[in-house]
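Build me a structure from this.
(one chain, ligands or ions: 2)
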Amino acid sequence: MKLTELFFSEKKVNFYFDIAFSSLEKIVSQEHAILLTDQNMFNAYADLFKGWNTIIIQSGEFFKQQQTINEVIAQLIEKEANKSTWLIGVGGGVVTDIAGFVGGIYMRGIKTGFVPTTLLAMVDASIGGKNGINVGKYKNMVGMTKQPDFLLYDYDLLNKLPQQEWANGFAEIIKHACIKDESMFEELEAHSIEYYQSNKIALAALIEKNIFIKSSIVQIDEIEDGDRKLLNFGHTIGHAIETAYNLPHGNAISIGMVYALQLSKEITGFSEVAISRVEKLLMKYHLPLSVDLDKEKIWQLIKMDKKRANTSISYILLEKIGKGIIHDIQLTDLRQRFEKITLIS
Ligand SMILES: NC(=O)c1ccc[n+]([C@@H]2O[C@H](COP(=O)([O-])OP(=O)(O)OC[C@H]3O[C@@H](n4cnc5c(N)ncnc54)[C@H](O)[C@@H]3O)[C@@H](O)[C@H]2O)c1
Ligand SMILES: [Zn+2]
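Ligands and ions are numbered 1, 2, ... in the order given. Got it, this is the predicted structure:
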């Protein structure tokens, strides 16, 4: 037997930080690019798209599904997109997930770029190469890991972002702080959404810090064999809540994190004081701590979670603020513990 090691993950991804959207033309020519955006983005920033060949999908998580993929592919064919065409996703996580996926499968892959336009997409969804769609009630069930060629960050695009979407983005930022960065946690405690909205320099620094936290985790574990699992903190129950209650992603994972704090208390000895600090921080950033759950419904969805391996699941817990750990737990054990947790709103 001869073993040959081939490396597929050395692709270079260019990050263009803090530049105007209009600079996109310097990266890709209008002639060879097709932009993908959603209806809300297009309505809010119609001028940006002038001169660009643009495909518009309907807004919202519901449209992150196969039917939309088929429609985008049909439009790419109609626009005669070929191997030298760039597909650039300009939008939130729904748009970048779809652009990444279509860019990965159209003609077995064309060059892709992302212009993330929600805080959540800037700090999380557009980073790391995961893309894909939901299948019925199962989140991100189909997709692939493929890095985009570049990302462009124009922080001014956040000027029209609805207030609710700021909170959703902060849910992922707080997640990063909880699993990896105690000093960022303290920084967040000292500030607020309003502070970052009115202080562009602090906002840019915070976004870039989060990009580096996520990127450095992904760089050592692109295929989610180990450390990348930490990024699922709050997501096991969070995804189920998102689907079952139609809550925005960030709101759902906020509640998922609160459950994970309770499990952490039992399993790692995460302290009551630390729990209340995390809960206070979530509330400060306008995130919910609980929802009236139908536990049986949630449990059926958790069982289908992609991270499940046979009879156990990799659950992300906190040892302390800034230190997440991967804990493999038997499904039967998890179920018993889950039944016992009652969240107080
Ligand atoms: N691939 C990954 O690693 C990853 C990580 C985290 C989340 N996600 C996915 O990301 C999605 C959530 O992303 P999201 O929260 O950005 O949702 P989204 O893409 O639905 O955007 C939220 C809303 O904001 C609107 N919008 C976007 N940019 C705007 C702007 N600049 N001004 C005004 N309105 C704007 C959108 O039209 C939409 O209505 C989920 O599908 C989730 O699964 C993926
Ligand atoms: Zn998330």
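
With just CA atoms, put the host helix or strand of Ala274 into PDB.
Counting by DSSP states H and E, the element that carries Ala274 is helix 272-284. C-alpha atoms of helix 272-284 as PDB (Å, rounded to 0.1, in the frame of the first residue of the first chain):
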ATOM      1  CA  GLU A 272     -23.200  30.400  38.700                       C
ATOM      2  CA  VAL A 273     -21.500  33.700  38.700                       C
ATOM      3  CA  ALA A 274     -20.200  33.100  35.200                       C
ATOM      4  CA  ILE A 275     -23.600  31.900  34.000                       C
ATOM      5  CA  SER A 276     -25.200  35.200  35.200                       C
ATOM      6  CA  ARG A 277     -22.400  37.200  33.500                       C
ATOM      7  CA  VAL A 278     -23.100  35.500  30.200                       C
ATOM      8  CA  GLU A 279     -26.900  35.900  30.600                       C
ATOM      9  CA  LYS A 280     -26.500  39.600  31.500                       C
ATOM     10  CA  LEU A 281     -24.400  40.100  28.400                       C
ATOM     11  CA  LEU A 282     -26.900  38.400  26.100                       C
ATOM     12  CA  MET A 283     -29.700  40.600  27.500                       C
ATOM     13  CA  LYS A 284     -27.500  43.700  27.100                       C
END
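
ok, residues contacting the helix or strand following it?
Going down the chain from helix 272-284, the next helix or strand is helix 295-303, by DSSP H and E. When contacts are defined by C-beta atoms under 8 Å, 6 or more residues apart in numbering, helix 295-303 is touched by residues 137-138, 236-237, 239-241, 243-244, 313, 331, 334-335, 338-339. For glycine as for every other residue, the C-beta is placed from the backbone atoms N, C-alpha and C.

Narrow the residues you listed to those that are buried.
Buried members of the contacts of helix 295-303, scored by 16 or more other C-beta atoms under 10 Å, are 236-237, 239-241, 243-244, 313, 331, 334, 338.

Show me where the stretch 101-250 of the chain dips below the pLDDT cut-off.
Counting by pLDDT under 70, the stretch 101-250 of the chain contains no low-confidence residues.

Go again with 90.
136-139, 216, 218-228, 243, 246 (pLDDT under 90).
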